[in-house]
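Enquirer: Show me the folded form of this:
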Amino acid sequence: MNIAESTDWDGIWHNQRNHFKATIYNNDFIPHKPFTNQVKFLIYPSEELFYGGQAGGGKSDCLLMSALQYVEDKHIPEGENKLNYNALIIRRTLEDLDMPNAIMDRAKQWLLPLEDKLGVVWKEKKKRFIFPSGATLTFRYLSHNKHLNSYQGAELQFVGFDELTQFPENQYQYLHSRLRKLEDSDIPIRMRSASNPGGIGHDWVKKRFIDEESSLPFIPSSYTDNKYLNQKEYVKQLDKLDELTKLQLKYGDWNAILKEGLLINRDGLKSALISYNIYKDWQPAFCSIGIDPASTGNDKFAMSCLVYFNNGNIVLVDLDATPSAFPEERLKNFIIRNAKWNPYVVNFEQEPGSDSTYALKHWQGVLKDLVSKYGIIVKKTQSSNSKYNRARPTANLIRQNRLFFDDRINPERLRALFNQYVYIHPDKEVMKEYPSPDELDSLGYGFMEIQNIIRL
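Expert: Below is the predicted model:
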């Protein structure tokens, strides 16, 4: 929810100005003087807040100022000799964290000159500043879900995600749970984040903060607000970007999406939406359910239900996905609600090198009651090396007007599927910029079983 225009900033400033001056303007550890939108970000009294949009809008400085707001001795509670304030700032990778002039480097530029004068200490190995008050500011990277284990038991008063759209939602949610309000402390707990549009987390960040339905506060950033930036030269560099990236970074357009894929474009996908009233009288021949299991912590367990009709058309009648590590009940419910189509097979992707025999026995055991009731076969299919090649046959059928999507499918799942059809690419380096195409893979494994019976 964009609060930049809809908020009584005069009223907030009246209530917060003395506190702001004490914790930001007169803070010995913050040499930067914030401009208007940064001030709004720093005075808005909410636990969770997002700042983002255009590149060059001072997002990293905002996060850094927020993290440093309560590190001084004056915040030590009366009767105590130490301030238990711990702030954490996270980037996606170690390379991002170590990049010149990125947020950790910026912190060093601000704080290392104060080591002798104010007694701040930098611990290189732990990537941590320790302040004379006892407060800490730590920098970490979070590439995989396994890294979350290192945060178990952590008690933080500030968490800042730099470039939030580079993270999956579950990692953001988990770190949110590490916030702890200290007893007898006036320091608020805060979750702050900043980002441009684009990246693997674009959809969930947009849904959480940007869309009209969101109730969580968002302040747009703009390079035109940044008085420290050579705006004339900066815009020349932004104008050199490809059209999609320019829309996202120069204009902060959260609705800018890739429209032309290598296999199919969005208009072709939208034209394949079909109403149940159109196909309800078609005669179904058989039904296949494809499963893409979650192989890593960032993947989803995805399920597709495809029905082949006697007229030669195929309809994706249902699609679901969950990040849960325990999707058994979700899959059972998926099969039961599609039992009317008489599914004959549930086809799991077999990951190379995995203990496929054990995995198959597990799922045969989980689904044994449904196997007995509906006569379903539970099997596995060896995955190929190319997700792109798996998507080719179904994209071809969409262009031939033979594969359709029921328009009653959950809009979020359909949006994810359509995104995956457009960004799927044979180059693995390109695919690192996007989420794993789990919904698309599950559709592919369901389609493989149709191919085994009908030569398409």
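
Enquirer: From residue 135, how far off is the residue sitting furthest away from the middle of the chain?
Expert: No residue in the chain has its C-alpha farther from the mean C-alpha position than residue 79, which lies at 42.8 Å (CA atoms, centre = their mean). For residue 79, the distance to residue 135 equals 17 Å [CB to CB, to the nearest Å]. Every residue, glycine included, has its C-beta placed from N, CA and C.

Enquirer: Give the helix, strand or coil label for the residue farthest from the centre of the chain.
Expert: In three-state terms, and counting by DSSP: H, G, I helix; E, B strand; the rest coil, residue 79 is coil.

Enquirer: and what of residue 137?
Expert: Under three-state DSSP, residue 137 falls in the strand class.

Enquirer: give the contact list for it.
Expert: With contacts defined as CB atoms under 8 Å, 6 or more residues apart in numbering, residue 137 is in contact with 67, 68, 71, 87, 88, 89, 107, 128, 129, 131.

Enquirer: Let me know how buried the residue nearest to residue 107 when sequence neighbours are not counted is, in neighbour terms.
Expert: For residue 107, the nearest residue in space outside its immediate sequence neighbours is residue 64; the separation is 5.8 Å by CB to CB, 6 or more residues apart in numbering. The tally of other residues near residue 64 (other CB atoms under 10 Å) stands at 24.

Enquirer: any idea which helix or strand carries residue 64?
Expert: Secondary-structure assignment from DSSP states H and E places residue 64 in helix 59-68.

Enquirer: could you point out which element follows that helix?
Expert: Next along the chain after helix 59-68, taking DSSP H and E as the criterion, comes strand 86-91.

Enquirer: Tell me where the model's unsure across the chain.
Expert: Along the chain, the model assigns pLDDT under 70 to residues 296-297, 351-357, 384-385, 455-456.

Enquirer: can you list the residues that contact stretch 240-247?
Expert: Contacts of stretch 240-247 (CB under 8 Å, 6+ apart): 198, 238, 239, 249, 250, 253, 256, 257, 258.

Enquirer: if we can go back for a sec, can I get the contacts of residue 137 in TSV with neighbour count and distance to residue 360?
Expert: Written out in TSV, the entries for those read as follows (neighbours: other CB atoms under 10 Å; distance: CB to CB, whole Å):
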residue	neighbour count	distance to residue 360
67	28	48
68	25	53
71	28	54
87	26	47
88	22	41
89	24	44
107	22	50
128	17	46
129	27	51
131	22	55
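
Enquirer: ok, residue 138 - contacts?
Expert: Contacts of residue 138 by CB under 8 Å, 6+ apart are 86, 87, 88, 89, 126, 127, 128, 129.

Enquirer: at 10 Å instead, please
Expert: Residue 138 makes contact with 67, 86-90, 123, 126-130, 154, 156 under the criterion CB atoms under 10 Å, 6 or more residues apart in numbering.

Enquirer: chain center to the helix holding residue 64, what's the gap?
Expert: Distance, stretch centre to chain centre, for helix 59-68: 21 Å (CA atoms, centre = their mean, to the nearest Å).

Enquirer: same question, stretch 154-170
Expert: The offset between the C-alpha centroid of stretch 154-170 and the centroid of the whole chain comes to 11 Å, using CA atoms, centre = their mean.

Enquirer: same deal with stretch 55-67?
Expert: Distance of stretch 55-67 from its chain centroid, counting by CA atoms, centre = their mean, is 20 Å.

Enquirer: what about residue 429, is that helix, strand or coil?
Expert: Taken by three-state DSSP, the conformation at residue 429 corresponds to helix.

Enquirer: What distance do you get for it to residue 43?
Expert: Distance from residue 429 to residue 43, by CB to CB: 42 Å.

Enquirer: mind listing the strands for the stretch 151-300 of the chain?
Expert: Assignment of strands within the stretch 151-300 of the chain using DSSP state E, counting those that start in this stretch yields the ranges 158-162, 190-195, 218-221, 273-274, 284-292.

Enquirer: Determine the set of other helices and strands touching the third one.
Expert: Same thing as strand 218-221. Using 3 or more CB pairs under 10 Å, 6 or more residues apart in numbering; DSSP states H and E as the contact criterion, the neighbours of strand 218-221 among helices and strands are helix 36-43, strand 48-53, helix 59-68, strand 190-195.

Enquirer: can I see the domain layout of this protein?
Expert: 9-249, 266-453 (automatic domain parsing).

Enquirer: Relative to residue 3, which of the ones you listed is closest?
Expert: Set against residue 3 and scored by CB to CB, these come closest in domain 9-249, at 4.6 Å.

Enquirer: Out of the strands of the stretch 151-300 of the chain, which is closest to residue 408?
Expert: Judging the strands of the stretch 151-300 of the chain by CB to CB, what sits closest to residue 408 is strand 273-274, at 9.9 Å.
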